[in-house]
Structures are given as C-alpha cells and as structure tokens.
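Asks: give me a model of this one.
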Amino acid sequence: MRSWLAVCLGFALLAALTLGFAALLRVYPRDERSPFQRVAKNSLFPMSTSLLNKLLDLAFAMYTFRVLGPEGVGKYTFAVVVIGYLDILANFGLGTLLTREVARDRLSSDRYLGNSLAVRLALWVVSLPVLALLLGPMAGPLG
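Replies: A predicted model of the protein is given here:
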C-alpha cells in the first residue's frame with residue numbers, strides 16, 4: 001500500500017511540475033519591455049521555485065515520518081547532522097576559495113583544483129577517526 005501511495009505521489013508531483021513548466025513558458029516574458037516586467041520576472045521565478053521546493057520538502061517529510069516512525073526519524077536526523085558536520089570539516093570553505101581564486105587567475109585553475117582536492121582528501125582522512133568513533137565505541141551509548 002505504501003509503495004502504491006509513493007508512486008501516485010511521485011506521478012502527481014511530476015504532473016504538477018510539467019503543468020507548472022508549461023504555464024511558465026506561456027506567461028514568461030521573453031523580452032522585457034519595461035522595468036516592471038524585468039522585476040516581475042526576476043522575483044516571481046525564484047519565489048515560485050522556492051515555494052515548490054518547500055512543498056517537496058513537506059511531502060518528503062510526511063512520507064519519511066510515515067515510513068520511519070518517530071524513532072527512525074530521530075536516527076535519520078542524527079545521521080544527517082553527523083554527515084553535515086563532517087562535510088563542513090572536509091570542505092572547510094575550499095569551494096568558495098577555489099571559485100574566488102580561479103575567477104582571479106584562470107590560467108592556474110589546474111593547480112588550484114589539484115591543491116583543493118588534495119586538501120579535501122587530507123581533511124576527509126582526518127574526519128575518518130571521528131566517524132569510526134561514532135560508529136564504534138560510541139554507537140552503544142548514542143543508540
């Protein structure tokens with residue numbers, strides 16, 4: 001029953017996206033004749049996509065809570081938070097730094113990319129003991 005509901009929900013979301021895209025193509029101004037049209041185009045599109053994203057998040061949360069239950073959602077949330085912290089540790093602002101430096105000097109982009117990957121790999125290796133601690137000795141007390 002749950003898989004049938006998920007499939008129906010997926011098709012409904014796909015149909016809504018298709019209809020929304022078709023409506024957007026119909027009313028979206030191709031040429032901006034006035035500043036009002038430019039402002040409308042530049043503000044309505046991000047607002048509508050943000051609303052759609054929030055609706056998809058809500059649908060995913062409702063489905064997740066129904067399938068996993070309260071205890072499973074707590075475990076899932078803990079895993080997402082741990083992955084988020086380890087991602088912060090492994091990236092450590094290197095994406096922003098890489099973008100800024102490559103924008104300044106495109107000729108040395110290969111060097112910047114290689115160095116960035118090497119530093120990210122080193123930071124990932126540093127984060128492995130933390131992950132091993134969470135999965136090993138701390139797994140029992142944390143549940």
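Asks: from the chain's centroid, how far away is the helix with the most length in the chain?
Replies: Taking DSSP state H as the criterion, the chain has its longest helix at helix 35-91. Centre-to-centre, helix 35-91 and its host chain are 7 Å apart (C-alpha atoms, centre = their mean, to the nearest Å).
Asks: next, the angle from the very next helix or strand once past it to helix 35-91.
Replies: Scanning forward in sequence from helix 35-91 by DSSP states H and E, the next helix or strand is helix 94-104. Using axes from the mean of the first three to the mean of the last three C-alpha atoms, to 10 degrees, the direction of helix 94-104 lies 120 degrees away from that of helix 35-91.
Asks: what comes up buried for helix 94-104?
Replies: Neighbour-count burial for helix 94-104 flags 94, 98, 101-102 (criterion: 16 or more other C-beta atoms under 10 Å). C-beta coordinates here come from the backbone N, C-alpha and C atoms, glycine included.
Asks: pLDDT and distance to Gly72 added to those, as a markdown table?
Replies: Below are these laid out as a markdown table (pLDDT from 0 to 100; distance: C-beta to C-beta, whole Å):
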| residue | pLDDT | distance to Gly72 |
| --- | --- | --- |
| Leu94 | 85 | 34 |
| Leu98 | 87 | 37 |
| Glu101 | 88 | 43 |
| Val102 | 87 | 42 |
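Asks: and which of these is nearest Met47?
Replies: Set against Met47, the nearest of the buried residues of helix 94-104 by C-beta to C-beta is Leu98 (30.3 Å).
Asks: stretch 102-116: end-to-end distance?
Replies: End-to-end distance of stretch 102-116: 11 Å, with C-alpha to C-alpha, to the nearest Å as the criterion.
Asks: and it, how far from the chain's centre?
Replies: 25 Å.
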